[in-house]
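J.: Have a look; sequence and predicted model below, questions after that.
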Amino acid sequence: GQNIDQPTEMTATEGAIVQINCTYQTSGFNGLFWYQQHAGEAPTFLSYNVLDGLEEKGRFSSFLSRSKGYSYLLLKELQMKDSASYLCAVREGDYKLSFGAGTTVTVRA
Amino acid sequence: IAGITQAPTSQILAAGRRMTLRCTQDMRHNAMYWYRQDLGLGLRLIHYSNTAGTTGKGEVPDGYSVSRANTDDFPLTLASAVPSQTSVYFCASSEGTSADTQYFGPGTRLTVL
């Protein structure tokens, strides 16, 4: 099974940087995903890490350390539209994902 | 291309009633999933299907059943709804490969009274 922990809430100012941490415990790691979910909407895919290191996609970056069971999602140059929940999900074995409870990020002007 | 559609968008249901939530995808994805999302608990997997004709149990399968008669459709049935099944239900699909990304439908908000 999985134990996935991430902070419940974070607040940051427009234009700033926010880092959302995710720690996990798993017996058969096979990839880590980050999803964005705006209120009342479906989750949408942001990033995927299966090897250690940093993956960059525009303003968003995701980092993975398999030995530490740790990942973070970095949001740069925050915009108001980035206010959403960010879900960390771990795949163990085949295609199934286990999700953390999500981190609600509020961007203030 | 619609991606994944779910129906109904929302439903209020009396306890004890039977209800089927519909999910259809047009991406020819092999794998499909049903999740429920509750405040503070995140997304929890109910049932999944790796390919047409096969299904499996997820983390919270009790009280739910699924079928996968073809690639596109993956209905979720509540045989006798109970108030604890009040939730937002998301259907998702993926290609079923090693670098798999799941794509989610818009969700069904279900209230059981």
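T.: It's in.
J.: Could you use CA atoms for every contact and neighbour count after this?
T.: Fine.
J.: how close does the residue of chain A most remote from its centre get to A:Ser83?
T.: Centroid-distance maximum for chain A: A:Ala109 at 22.8 Å, with CA atoms, centre = their mean. Distance of A:Ala109 to A:Ser83, computed by CA to CA, to the nearest Å: 11 Å.
J.: and if you look at B:Val66?
T.: B:Val66 is 34 Å from A:Ser83, by CA to CA.
J.: is A:Asp5 in a bridge, and if so with what?
T.: Under DSSP bridges, the beta-bridge partners of A:Asp5 are A:Thr23.
J.: Quick one: neighbours of A:Gly58, just the number.
T.: For A:Gly58, the count of nearby residues is 8 (other CA atoms under 10 Å in any protein chain shown).
J.: And B:Val112, by the same measure?
T.: With other CA under 10 Å as criterion, B:Val112 counts 17.
J.: Give me every residue in chain A lying close to chain B.
T.: Selection of chain A residues close to chain B by CA under 8 Å from any CA of the partner chain yields A:41-45, A:94-102.
J.: So which of those residues sit within strands?
T.: A:44-45, A:97-99 (DSSP state E).
J.: was I right about the residue farthest from the centre of chain A contacting A:Lys81?
T.: No - A:Ala109 lies out of contact with A:Lys81 (CA atoms under 8 Å); the separation is 11.2 Å.
J.: which stretches of the chain have low pLDDT?
T.: Using chain A. By pLDDT under 70, the low-scoring segments of chain A are A:1-2.
J.: wrong one, I was asking about chain B
T.: In chain B, residues with pLDDT under 70: B:1, B:98-99.
J.: for it, what spans make up the strands?
T.: Using DSSP E, strands in chain B cover B:4-7, B:10-13, B:19-25, B:31-38, B:42-49, B:56-57, B:64-66, B:76-78, B:87-94, B:103-104, B:108-112.
J.: Show me which of the residues of chain A next to chain B are buried.
T.: With burial judged by 16 or more other CA atoms under 10 Å in any protein chain shown, the buried subset of the residues of chain A next to chain B is A:42-45, A:95-102.
J.: between the residues you listed, which is nearest chain B?
T.: Distance to chain B, by CA to the nearest CA, is smallest for A:Ala101 among those, at 3.9 Å.
J.: Spit out the contact partners of the closest one.
T.: By CA atoms under 8 Å, 6 or more residues apart in numbering or on different chains, the residues touching A:Ala101 are A:4-6, A:8, A:87, B:40-43.
J.: just the residues you listed now: which is nearest A:Gly58?
T.: Within those, proximity to A:Gly58 (CA to CA) peaks at A:Leu87, which comes in at 18.6 Å.
J.: what's the closest non-adjacent residue to the closest one?
T.: A:Gly102 (4.4 Å; CA to CA, 6 or more residues apart in numbering or on different chains).
J.: pretty sure that neighbour is touching B:Asp38, no?
T.: No - using CA under 8 Å, A:Gly102 is not in contact with B:Asp38, being 11.1 Å away.
J.: what's the overlap in contacts for those two?
T.: With CA under 8 Å, 6+ apart, A:Gly102 and B:Asp38 have no common neighbours.
J.: Which residue ranges of chain A form strands?
T.: A:3-5, A:9-13, A:18-25, A:29-37, A:44-49, A:53-57, A:60-65, A:70-75, A:84-92, A:97-99, A:103-108.
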